[in-house]
Each structure stands twice: as structure tokens, then as C-alpha cells.
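Colleague: Show me how the following folds:
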Amino acid sequence: MNVTLYPQLILDALVHVRYPGTGKDIVSAGMVQDNIRIEGNKVSFSLIFDKPNDPFAKSVVKAAEQAVLTYVGEDVDIKGNISVESKEAPKPKVNAVLPGVKNIIAVFSGKGGVGKSTVSSNLAIALAKLGYKVGLLDADIHGPSMPKMFGVEDARPMTDVIDGKQGLIPVEKYGVKILSIGFFVDPENALVWRGSMASNALKQLITDAHWGELDFFVMDLPPGTGDIQLTLVQTLGITGAVVVTTPQDVALADARKGINMFIGDKVNVPVLGLVENMAWFTPAELPENKYYIFGKEGGKRLAEELNVSLLAQIPLVQSIREHGDAGRPVAVDDDTISGIAFRALAEKVVERVDYRNTNAAPTQKVEIVK
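Modeller: Presented below is the predicted three-dimensional model:
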């Protein structure tokens, strides 16, 4: 670009953005942190608000981006580079159904076979390895797979009385507290339950268990957009959904329906982002090679089209299947290709949850004064 960028040039542009609450421009109001960073044509800085969850935060950020593009130059790389801070720490939210749980993450897929349970189990383990307290509910009631994937098929959760309440004690492995309907049924027999029976069984697993204090409660939902999914997301107060797909068109069509379900008026649950699973095949002996068996970057294109974050592209690696079958998910070993990928996914989910908790607010039009 022809214009040489320097901090005062950015500040001069931001003077044209006014904070709706006071009518003052954001520079004179002291909202622009003294940390404007310029790298080539990339500009980044922070805006500080008096309180967390400021109702104007999102729109002020958008207005600041537009002001830089308008008054400095259209080639400035500013979109997504403005962070939000607050003078007050956000107050922790209390979930009405699970008061000890800070965040509930629903892992969803529009169809079966895309690796949703693999993503759920490895995400839970990766979060635990980052130091968080994590619970995992196997809500795929007709095809529970967590007992097998964690190598605890023979476990039978006990009951105990804690704080005057009798409830189930989740099975714990790899730092994750786990409950699944698979602990209570014969694995050789199919579960033939009507929707109401399945929903009630899941509610009991959730509410009649001693989960304790958790930073993240990961729910591996059944595939599709049926009664069980709707009941859970409408009852529990979900922090956000992680949608899993593979790159081919047939999976993307179902992922699109799922995203539309979550963001629709009837459900209204934020979508934290999309995971493109089996994004490419990488043989162990040729780790630099990528073979796009199911198509290339279909999940990435869908995320861009629907304006949701692409949380991760997980490669198709033989060890993922082997570790899952052996009861030791690949995220346990975070120095492998797959382990690194799931650790990056966990870090991205934490980032999106923090952003959502801090910035969840209605959109408000902000004036850019020309």
C-alpha cells in the first residue's frame, strides 16, 4: 500500500467513531489502549470498556474497523484484529440445571459417521490436559461409544450421598469425568427407545449425577436434529455448539442444517465454530503428504459462507482409529500429529468461549462521523 502506517494515523481515524452510551469519540474517551501494533499493513489494538458484556462492544469494534478502512486505506488488514477488554472482570455465570458447571459445550453433527464422538472424546481430554476440570456426557443414546473409546466398558458407576443428595459418581479417566448410557445397558443389544424415554434417561444422567465443579461440560450429542437434541439444548443453557463435519458435500449439507438449527429463533444457541474432520489423509510414513480423499476444504468454505469460526481441520490418520479402539484417545499423547491438532482445537474452543462470555451482547448501530 502507498500510505505509511503509524499510530497517530490510526488514532486520527478512530476519532470519527463515537461510543453510543456517551456520544464521545472513543479516542478522547480513553477507550483506545496505548498499544497500537503495526506490522506491514496489519494493524491491531485493544478497546477497553467500563464493564464486561458491554451492549455496544461488537458494534463499536465493527465501526472502528470501518473507520480505519475509510480514513486510512482499504488495504489495511484490520478485520478481526481489534480485541476487547474491560475494566471490570466478568461475573461468573451460574447454570440453573448444573450450578457447578461454568460452560456447557454441545458437540454436534448433522449426520453419523463424521467422527463426532472422536472429536468429543479428544476435545474433552485436550481440555483436561490444558488444566481445566472437564466432564463428558455421552448423549448419543442409541450408539454410546465413550465406554469403548476410554477403555472403561466394564465400569459401573456407583451412587453416593453428597450434600444430602444421592446421585451417580461419574467414571473418571484421563482427567475427564464420564457418564454414558452404555454403562447401564448390554452392549450386545440395540437400544429401542422412544424419544421421550431417551430424553428422560439423559436428563437423569445429567441432573442425578455428582459432577462437582467443572470448567467445561462436553456433551456428545446424537447426530441429526431430532427431539433429543432439541430437548437438551433448550433445557441446559448451552454455552455454545461445536459442529463437526467432513469435507464432502453430503456431510456439509447436514452440517448447514445443524448450524441453522442452533442459530434459529427456536433454539438460539451460539455456534462456537466448525470442525472439519478427516480434512485430508496423512500416512504415518509420509507425514508431510496430504491426500484429500473426501474433498478439499469443504468445511472451511462452509465456515466462511456462514460466518462461523473454523476451529480446526483434523487430518485422517490411522492412529486416531487405533487409539480409539484401544481405549486411549490420541489426545492423551499431545506430541503426535493428531494430538497436536486436538490440543489446538481445545485452545481455540477456550478462546471462543472466553470471547462469547465476554462479548455476548445485542448488535447496536454505531455512528461513524464523516
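Colleague: C-alpha from now on. contacts and neighbour counts both.
Modeller: Will do.
Colleague: Output the below-cut-off pLDDT ranges for this structure.
Modeller: For the chain, residues meeting the criterion pLDDT under 70 lie at 1-2, 88-96, 186-196, 225-227, 359-370.
Colleague: care to break it down by domain?
Modeller: 7-86, 101-359 (automatic domain parsing).
Colleague: Quick check: which of those is buried the most?
Modeller: Of the domains of the chain, the one with the most neighbours on average (mean count of other CA atoms under 10 Å) is domain 101-359, at a mean of 19.
Colleague: quick one: that domain to chain centroid distance?
Modeller: Distance of domain 101-359 from the chain centroid (CA atoms, centre = their mean, to the nearest Å) equals 10 Å.
Colleague: Can you give the distance from stretch 18-29 to the centre of its chain?
Modeller: Relative to its chain's centre, stretch 18-29 lies at 33 Å (CA atoms, centre = their mean).
Colleague: actually stretch 32-40, not the one I wrote
Modeller: What separates the centre of stretch 32-40 from the centre of its chain is 28 Å, taken as CA atoms, centre = their mean.
Colleague: What's the end-to-end length of that stretch?
Modeller: Start-to-end span of stretch 32-40 (CA to CA, to the nearest Å) is 21 Å.
Colleague: again with stretch 159-176
Modeller: First-to-last residue span, stretch 159-176, CA to CA: 18 Å.
Colleague: tell me the contacts of Val275?
Modeller: Val275 makes contacts with 242-245, 299, 310-314, as judged by CA atoms under 8 Å, 6 or more residues apart in numbering.
Colleague: Counting only strands, which of those residues make the cut?
Modeller: Using DSSP state E, the members of the contacts of Val275 that fall within strands are 242-245, 310-314.
Colleague: which among those residues gets closest to Ala326?
Modeller: Proximity of the ones in strands among the contacts of Val275 to Ala326 was ranked by CA to CA; the top entry is Ile314 with 19.7 Å.
Colleague: Strands along the chain, start to end?
Modeller: Using DSSP E, strands in the chain cover 37-39, 42-49, 82-86, 101-109, 134-138, 159-162, 165-168, 171-173, 176-180, 214-220, 240-245, 271-281, 310-316.
Colleague: The third one to strand 42-49, inter-axis angle?
Modeller: This points to strand 82-86. Interaxial angle of strand 82-86 relative to strand 42-49 (axes from the mean of the first three to the mean of the last three CA atoms, to 10 degrees): 20 degrees.
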